[in-house]
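Participant: with the input below, show me the fold.
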Amino acid sequence: MTEWTSTVGAGQLARLLGSQGPGGDAPGRRGRPAYRALADGIRLLVLEGRLPVAARLPAERELAGALRVSRTTVATAFESLRADGFLRSRRGSGSWTAVPAGRALPARGLEPLPPEAPGGAIDLGCAQLPAPEPWLSRAFAAALTTLPQAARTHGDYPAGLPALRQALADRYTARGVPTMPEQIMIATGAMGAVGAICRLFAPGGDRVAVDQPSYANVLQLLRENGARLVPVPMGEGLTGWDLPAWRRVLSEAAPRLAYAIADFHNPTGALADEERRRDLVAAARSAGTVLVVDETMADLTIDRDPGALPLPVSAFDPGGSTVVTVGSASKSVWTGLRIGWVRAAPELIRRLVAARAWADLGSPVMEQLAVTWLLTEGGWRAALAERREELRRNRAAMVTALRDRLPEWDFAVPGGGLTLWVRTGGLSGSRIADAAERLGVRVASGPRFGVDGAFEGYVRVPFVVAGPVAAEAADRLAAAVERVAGGTVAGAGLTTPAGYIS
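Facilitator: Numbering: from 1, shown residues only. Got it, this is the predicted structure:
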């Protein structure tokens with residue numbers, strides 16, 4: 001059995017090495033030997049997640065030809081990477097990327113501060129907003145009026161309330177994906193939906209392909225379930241998926257399941273176009289892989305009218321045999337409204353519903369009644385209109401503050417969603433996050449969103465605060481950067497003096 005899950009061609013690796021910009025050029029590298037420059041370049045690609053862990057590298061002679069260097073240079077670079085724990089080799093199987101043993105994910109960063117936490121701290125660790133009022137309160141007031149009718153039943157709805165399943169089916173149909181209620185199952189949040197799908201399709205030890213980076217909580221859920229994660233690097237900028245990379249992984253690793261975010265990706269904010277959506281569905285169908293598409297952020301468009309967005313991924317597999325869609329009210333309305341859903345083929349929905357008998361049985365009826373009112377009485381549209389205006393203001397404030405106080409940080413401004421994916425000018429994101437929390441602002445470091453410790457040179461900054469609070473958050477982050485840049489840190493070949501990643 002091989003220990004690699006995908007391959008990287010010599011030409012592809014040469015292009016990746018050639019594309020490394022100033023953010024990847026940490027101090028102290030100028031004038032280094034050619035083998036060291038090559039080893040550092042490959043190491044940085046792994047740490048940034050642009051070169052997946054467990055990717056088989058080209059043979060030494062082939063890579064030497066593509067880079068126009070001697071084979072000795074490549075061999076010495078590979079030996080250096082093996083010594084540092086970034087490369088493993090086996091006679092007859094070649095060499096594949098790795099990360100040093102013993103690296104742990106950051107322990108903090110995505111858990112929200114409790115309401116009773118001391119005042120003054122700015123929590124940017126979680127991409128969450130307060131509820132849009134009065135719409136949430138109106139939804140629960142309406143739910144109370146319909147509760148007596150529901151209370152006359154047994155209250156056990158493993159597939160969800162029929163009225164909510166119909167409302168969601170109608171919503172998909174209006175978005176260009178004809179859907180029956182039998183294709184919908186209500187879940188306890190999007191995480192509950194993904195967990196149910198994972199238990200059904202990847203019960204333990206199976207390969208699951210994931211975006212690289214991806215939503216940290218889902219990555220951890222998959223790990224806890226025993227899945228073997230196969231990362232697929234995202235495309236450059238905010239263009240969405242790298243289709244050639246996805247095709248290679250689906251063909252070579254043959255994952256049982258794949259998890260991807262097409263709409264305002266968390267954390268990058270990328271929006272996949274319709275061509276990429278169509279092509280990824282075709283690739284998954286050809287490989288026999290079930291493609292789980294997370295639409296949690298799909299409603300949070302800022303720069304485009306909702307009607308101008310690409311078709312849902314499920315439009316290219318309306319029967320739901322290849323594409324399983326997950327949605328939720330948590331980002332569109334309120335995180336405390338723990339109602340999610342799955343859209344898939346009726347047979348698959350029946351299997352998911354049957355499996356709930358030994359899981360959570362069903363989702364709370366009161367919350368389902370509230371979401372039904374929002375969807376059927378116009379509250380959803382009204383709440384979203386206010387939410388988008390709030391996000392537009394927040395995004396402008398945070399972008400302005402970061403560019404003013406931290407001009408060396410690099411990020412693209414997404415057209416929707418909740419987050420900025422920020423490259424930290426070569427500094428360790430984990431150390432910035434640690435220093436920032438001491439200064440009263442919490443952010444999540446990049447490795448939380450990668451597989452096997454990638455993205456050390458990134459932090460995620462949600463635009464969930466506005467005005468003076470955004471400016472104060474940027475001031476505290478700038479102070480944290482000064483501390484990290486001025487100190488000396490160490491760690492398994494990951495950082496150099498002054499906290500720069502290596």
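Participant: ok, now how distant is the nearest residue to Ala121 once chain neighbours are set aside from Ala473?
Facilitator: Nearest residue to Ala121 in three dimensions, chain neighbours excluded: Gly440, at 5.1 Å (Cβ to Cβ, 6 or more residues apart in numbering). In short, each C-beta sits where N, CA and C put it, glycine included. From Gly440 across to Ala473, the span is 9 Å (Cβ to Cβ, to the nearest Å).
Participant: these two - which one has more neighbours?
Facilitator: Regarding Gly440 and Ala473, a neighbour count based on other Cβ atoms under 10 Å identifies Ala473 as having more, with 27 against 16.
Participant: helices and strands around the helix or strand hosting the more buried one, which ones?
Facilitator: Ala473 is located in helix 467-486, with elements delineated by DSSP states H and E. With contacts taken as 3 or more Cβ pairs under 8 Å, 6 or more residues apart in numbering; DSSP states H and E, helix 467-486 sits against strand 122-123, helix 379-405, helix 429-438, strand 441-442.
Participant: what bridges to the residue lying closest to Ala433 once chain neighbours are set aside?
Facilitator: Spatially, and ignoring its direct neighbours in sequence, Ala433 is nearest to Ser445 (4.1 Å; Cβ to Cβ, 6+ apart). On the basis of DSSP bridges, Ser445 is bridged to Val459.
Participant: so Ser445 sits against Val459, correct?
Facilitator: Yes: because the distance of 5.7 Å satisfies Cβ atoms under 8 Å, Ser445 is recorded as touching Val459.
Participant: what do the two both touch?
Facilitator: Shared contacts of Ser445 and Val459, defined by Cβ atoms under 8 Å, 6 or more residues apart in numbering, comprise 429, 432-433.
Participant: for those residues, give me CSV that also has neighbour count.
Facilitator: As requested, the shared contacts of Ser445 and Val459 are exported to CSV (neighbours: other Cβ atoms under 10 Å):
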residue, neighbour count
Gly429, 27
Ile432, 27
Ala433, 28
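Participant: nearest to Ala329, of those?
Facilitator: Ala433 (29.0 Å; Cβ to Cβ).
Participant: now stretch 246-254: average pLDDT?
Facilitator: Mean per-residue pLDDT for stretch 246-254: 92.
Participant: ok now that stretch, how far from the chain's centre?
Facilitator: A distance of 19 Å separates the centroid of the chain from that of stretch 246-254, by Cα atoms, centre = their mean, to the nearest Å.
Participant: what about Arg88, which SS state?
Facilitator: Of the three states, Arg88 takes strand according to DSSP: H, G, I helix; E, B strand; the rest coil.
Participant: what's the local residue count around it?
Facilitator: Neighbour count of Arg88, defined by other Cβ under 10 Å: 16.
Participant: I figured it hits Trp96, correct?
Facilitator: Yes: between Arg88 and Trp96 there is a contact under Cβ under 8 Å: 5.8 Å.
Participant: what is Arg207 paired to in the beta sheet?
Facilitator: Note on Arg207: beta-bridge partners by DSSP bridges are Arg228.
Participant: element containing Met366, please.
Facilitator: helix 365-376.
Participant: put the alpha carbons of that helix into CSV.
Facilitator: C-alpha atoms of helix 365-376 as CSV (Å, rounded to 0.1, in the frame of the first residue of the first chain):
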residue,chain,number,x,y,z
VAL,A,365,-39.6,21.3,16.2
MET,A,366,-39.8,24.9,17.5
GLU,A,367,-36.8,26.0,15.5
GLN,A,368,-38.1,24.2,12.4
LEU,A,369,-41.4,26.1,12.8
ALA,A,370,-39.5,29.4,13.0
VAL,A,371,-37.4,28.6,9.9
THR,A,372,-40.6,27.6,8.0
TRP,A,373,-42.1,31.0,8.8
LEU,A,374,-39.0,32.8,7.7
LEU,A,375,-38.9,30.9,4.3
THR,A,376,-42.6,31.2,3.6
